[in-house]
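K.L.:
Task: produce atomic coordinates for the following.
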Amino acid sequence: MKGYTVFCVDQIEGLPAHFYAKAGTFKNPDQRNAQAEAFFANTGVQIRHGGNAAYYAPGPDFVQMPDFESFRDAGSYYSTLAHEATHWTRAPKRLDRDFGRKKWGDEGYAMEELCAELGAAFLCADLELTPQIREDHAPYIAGWVKVLKADKRAIFTAASHAQKAADFLHSLQPKVETEEEQAAA
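P.N.:
Alright, predicted model coming up:
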């Protein structure tokens, strides 16, 4: 171990100007997708915006998302929202999905993350969105590999639960009558 003395830039006089520059914010150049916005609004997921992390909070039962503008593009925003919405379906009052998670990073956690990622891929395909690779995928993949090596059927289990989650989110959409249904009425 090695110790370092660290100073806040505001405490030092005479530094070059680039040390005082504010960190730039990344502005998403895309527009919101009306179809995806309507889909997620119809699910009833309580979505809170702000901060720099996306997650599902099971106790208070909400999805936290960074602001739309902070994502690289619309696809990144919606694929992340689809991932978190898939987590939202695991609540006991919805699909009551439990892979036996005891702590962060264990096999149950890895299975839930694999399920959420597959669910996001299914939802993005349904909504005609391009799923985006996130920077935090690498640590997740290590957990997935461990689970997949231990159980050869784990991918099928995760995919089955992911499909149930996607179907559940679709079931929350308003019913649109087909032309045949309208003609029969």
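K.L.:
tally of neighbours for Trp88?
P.N.:
By the criterion of other C-beta atoms under 10 Å, Trp88 has 25 neighbours. Where C-beta positions appear, they are placed from N, C-alpha and C, glycine not excepted.
K.L.:
Give me the distance between it and Glu180.
P.N.:
33 Å (C-beta to C-beta, to the nearest Å).
K.L.:
Looking at the chain, which helix is longest?
P.N.:
helix 107-126 (DSSP state H).
K.L.:
Now the element after that helix, going C-ward?
P.N.:
helix 137-150 (DSSP states H and E).
K.L.:
Run through the neighbouring helices and strands of that next one.
P.N.:
Secondary-structure packing of helix 137-150 (3 or more C-beta pairs under 8 Å, 6 or more residues apart in numbering; DSSP states H and E): helix 107-126, helix 154-171.
K.L.:
Low-confidence stretches in the protein?
P.N.:
Counting by pLDDT under 70, the chain shows low-confidence ranges at 1, 4, 19-29, 132-140, 182, 185.
K.L.:
let's see it at 80
P.N.:
Along the chain, the model assigns pLDDT under 80 to residues 1-12, 15-30, 102-105, 131-147, 176-185.
K.L.:
Give the closest residue to Asp67 in space, chain neighbours not counted.
P.N.:
His49 (5.3 Å; C-beta to C-beta, 6 or more residues apart in numbering).
K.L.:
ok, the one you found to Gln35 distance?
P.N.:
From His49 to Gln35 the distance is 19 Å (C-beta to C-beta).
K.L.:
cool, and Arg97?
P.N.:
Arg97 sits at a distance of 26 Å from Gln35 (criterion: C-beta to C-beta).
K.L.:
The two: which is more packed in?
P.N.:
Using other C-beta under 10 Å as the criterion, Arg97 and Gln35 rank with Arg97 on top: 20 against 12.
K.L.:
dump the residue contacts of the more buried one.
P.N.:
By C-beta atoms under 8 Å, 6 or more residues apart in numbering, the contact set of Arg97 is Thr89, Arg90, Glu112, Cys115, His161, Lys164, Ala165.
K.L.:
list the contacts for Gly44?
P.N.:
Going by C-beta under 8 Å, 6+ apart, Gly44 touches Leu172.
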